[in-house]
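Asks: the following block contains a protein sequence and its predicted model.
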There are 2 protein chains.
Amino acid sequence: MKKQSKKPVTLADIAARADVTSMTVSRVMNSNGYVHVETRERVLRVAREMNYRRNGLARGLKRQRTETVGMVIGDIANPFAAELSRGVREVLEQHGYSMFICVSEHLAKEDVQAFDSLADHRADGIIVATRASKSGNERLAELIDAGIPVSLIGRDFRHPHADLVIADNLTGGYEATSHLIELGHKRIGFIGISLTQGLRLKRFQGYLEAMSEHGLSVDEQLIVGGRNGSDQMPGYSTEEMGYEGMIKLLDLKQRPTAVFARNDYTAMGALNAIKRAGLRIPEDIAVVGYDDIPLASHTSPTLTTVRQPTREQGRTAAEFLLRRIQEDPDQPRREQTFECELVVRESTAAGAEFLASQNKERIA
Amino acid sequence: MKKQSKKPVTLADIAARADVTSMTVSRVMNSNGYVHVETRERVLRVAREMNYRRNGLARGLKRQRTETVGMVIGDIANPFAAELSRGVREVLEQHGYSMFICVSEHLAKEDVQAFDSLADHRADGIIVATRASKSGNERLAELIDAGIPVSLIGRDFRHPHADLVIADNLTGGYEATSHLIELGHKRIGFIGISLTQGLRLKRFQGYLEAMSEHGLSVDEQLIVGGRNGSDQMPGYSTEEMGYEGMIKLLDLKQRPTAVFARNDYTAMGALNAIKRAGLRIPEDIAVVGYDDIPLASHTSPTLTTVRQPTREQGRTAAEFLLRRIQEDPDQPRREQTFECELVVRESTAAGAEFLASQNKERIA
DNA sequence: AGCGCCGGTGTTAACGTTAACTTATCGAGC
DNA sequence: GCTCGATAAGTTAACGTTAACACCGGCGCT
């Protein structure tokens, strides 16, 4: 059924028409080596006429590099990942690398598939911003051992030859929680994990530490959310989780006076559940999110949250990766931690004067 | 500076260790042709030991296809694009194709770069979901003419050998506006375009048609938003545009009683500006968005919007593309239009009874 | 005159894989 | 015994590009 379609133009085709060898055409295309001005122009003209596109496969095969970097993210709609990718791209582009994005939908299986796919297509390096998983980490280790440069962002996985950039989410969670405690809250809920598997989440550890350091006990009933069983959640529904988690909390005999959500979407879901229940924010219940996505300053009330230097993390990961590509893939690992910053907005501010005194936000 | 790093294992390396030829190893790896059971197992064992990864460049070069499809989107954080990409992936994965995403950040230059990059790396086909631009369209036409299968989503560009899936945004915009008119609104604003360049936007045309058909005049003061000059807007800020646009509308001597926003983010910005101004929704001002992103049912009030079958569009585009890849790249174009559906929620509902009578939404 | 060097171009041989073909062995069927 | 088909390999020659080297004429220098 497949019709014989016109096959792509090659250097040799151009060479024949321009009466030179393909080597000369190659030199013209890559502007290296000596080529007579007239020859160059003739070749370029023919190439344009024939609508030549170079074959990156052959090129990459011969040169043993593709000037291509793959980035693996868990959820394409996540503004946090989006901002990371922008940082990565900024740097890669400057250095002439193309970036291709693979999405794992937060599934370990797809994670591995993405790694394989990028490795097989000989990406020069891989930037990984997905959540850690056993099978994913194992495959990643194999690839790193095979000499593929890898740079990780916020993934709880270390390898002697892979770089890592990460935000200090432990402190971030600690500060968010402490902020609530300082406002006088004692019953503080956490939305977005299940107790069985959330213990590795740094921002949750920060929550626990803050509570215990201030002598507050943690009521397990106040820890809600997270998927039953598997860790898979279709793209966007973290915010659904926030909504449902909050409802559970509101139904308690003794409900919390404040909640800390694992991320801003979750927090937005919680905001909604609270408003729906006819309660006021922050008077009845205060809410803190995490990530400071652009929407966080446009909810009502605006959302107190923890900002991490997202684009900067992407940039740094890309820089680490490029160094590893251009120097030695087996060089010792670099790790950089970024500090987080509490951004106080209306969802926790007791009053305007508090906001005014605390809020260091730039006038955006 | 670059240290001699261990070079990747090849079929020949395995062949040597397993005492066969690389052809036999190739047969094992691709499970085609006859291979003795013992030989196969020996080869597989050696391959695993040596941590073999096939070279997709060489493979693609020889086979003249890569089983890879590129998708170009304008904004990675846009939930609409995210949902499209999920649909695309669903189909591609079923057929054994890998998908790589390129992001153009809504810039024509990056659009062209993405096309080139995918073409050069010999993707078997390209799915394009970015906004049309002169330079982008031109390059796209070149690639299509060169025989690269292309499938377009919602891009205002036609080519005899490229497929197109598109939502009927004209009708969508018409219905959204008619809905407001039927509710009794006469001064209806539109947020999200500039008059000079927004005329091509189908949903805006639908707005204009509905207004004129109902004998309402359009006040140019009520058309706000859009960037001054260039069409570039950094990722997310459409919602900023909604906020600022709405403020402009609120400042008018005679402000609108309803607004139609070009998409849900813009609408959310508008919601916020209205609430901030101390006005009620929908009593003082009604709001309609577009796209029905997941968040739309979680704002307060929930957002009336126009839903398009997003994932379905992605799936269809992928199916079109696969057919074009597997059959004839020069086959005549297919075009499929998807109907949109008005989803009435609180931001326009006059009262609960209205909602109850109109809202066909599934109990999600 | 002889030498070296530079500009300009060609030749050769890979890069790693696989399509297409060839070779060889083993039984089954006549 | 001979042919034929299935099984199990091996051989050859690309796919399109470029690194490395070779070649050649001309110019400047000793």
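Replies: On my side now, so go ahead.
Asks: state the helix or strand in which residue A:158 lies.
Replies: When secondary structure is defined by DSSP states H and E, residue A:158 falls outside every helix and strand.
Asks: ok, now which ones touch it?
Replies: Under the criterion of Cβ atoms under 8 Å, 6 or more residues apart in numbering or on different chains, the contact list for residue A:158 reads A:164, A:333, A:335. Backbone N, C-alpha and C define where each C-beta goes, glycine included.
Asks: among those, which one sits closest to residue B:349?
Replies: The shortest distance between residue B:349 and any of those, using Cβ to Cβ, involves residue A:164 and amounts to 49.8 Å.
Asks: my guess is the closest one contacts residue A:324, does it?
Replies: No: distance between residue A:164 and residue A:324: 11.8 Å, which falls outside the contact criterion (Cβ atoms under 8 Å).
Asks: okay, and the common contacts of those two?
Replies: Contact criterion Cβ under 8 Å, 6+ apart; residues shared by residue A:164 and residue A:324: residue A:151.
Asks: out of the contacts of residue A:158, flag the one nearest to residue B:125.
Replies: For the contacts of residue A:158, the closest approach to residue B:125 (Cβ to Cβ) belongs to residue A:164, at 35.6 Å.
Asks: give me every residue that touches that closest one.
Replies: Residues touching residue A:164, when contacts are defined by Cβ under 8 Å, 6+ apart, comprise A:151, A:152, A:153, A:155, A:157, A:158, A:333, A:334, A:335, A:336.
Asks: and if we set it to 7 Å?
Replies: Taking Cβ atoms under 7 Å, 6 or more residues apart in numbering or on different chains as the criterion, residue A:164 is in contact with A:152, A:158, A:333, A:335.
Asks: which of those residues fall within strands?
Replies: The strands in this structure, assigned by DSSP state E, contain A:152, A:335 from the contacts of residue A:164.
Asks: most neighbours, which of the contacts of residue A:164?
Replies: Note: the member of these with the most neighbours is residue A:152, at 27 neighbours, neighbours being other Cβ atoms under 10 Å in any protein chain shown.
Asks: Three-state assignment for the residue lying closest to residue A:276 once chain neighbours are set aside, please.
Replies: Across the structure, with Cβ to Cβ, 6 or more residues apart in numbering or on different chains as the measure, the residue nearest residue A:276 apart from its sequence neighbours is residue B:300 (7.4 Å). Secondary structure state of residue B:300, per DSSP: H, G, I helix; E, B strand; the rest coil, is coil.
Asks: follow-up on the earlier one: tell me the one of the contacts of residue A:158 nearest DNA strand C?
Replies: Proximity to DNA strand C was ranked across those by Cβ to the nearest atom of the strand; first place goes to residue A:333, at 26.1 Å.
Asks: look up phi and psi at the closest one.
Replies: Comment: the main-chain dihedrals of residue A:333 come out as phi -70, psi 150, following degrees, to the nearest 10.
Asks: would you turn the contacts of residue A:164 into TSV with distance to residue A:258 and pLDDT?
Replies: Below are the contacts of residue A:164 laid out as TSV (distance: Cβ to Cβ, whole Å; pLDDT from 0 to 100):
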residue	distance to residue A:258	pLDDT
A:152	33	98
A:158	34	95
A:333	39	96
A:335	33	97
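Asks: just put the contacts of residue A:164 in TSV and tack on distance to DNA strand C.
Replies: Below are the contacts of residue A:164 laid out as TSV (distance: Cβ to the nearest atom of the strand, whole Å):
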residue	distance to DNA strand C
A:152	27
A:158	29
A:333	26
A:335	31
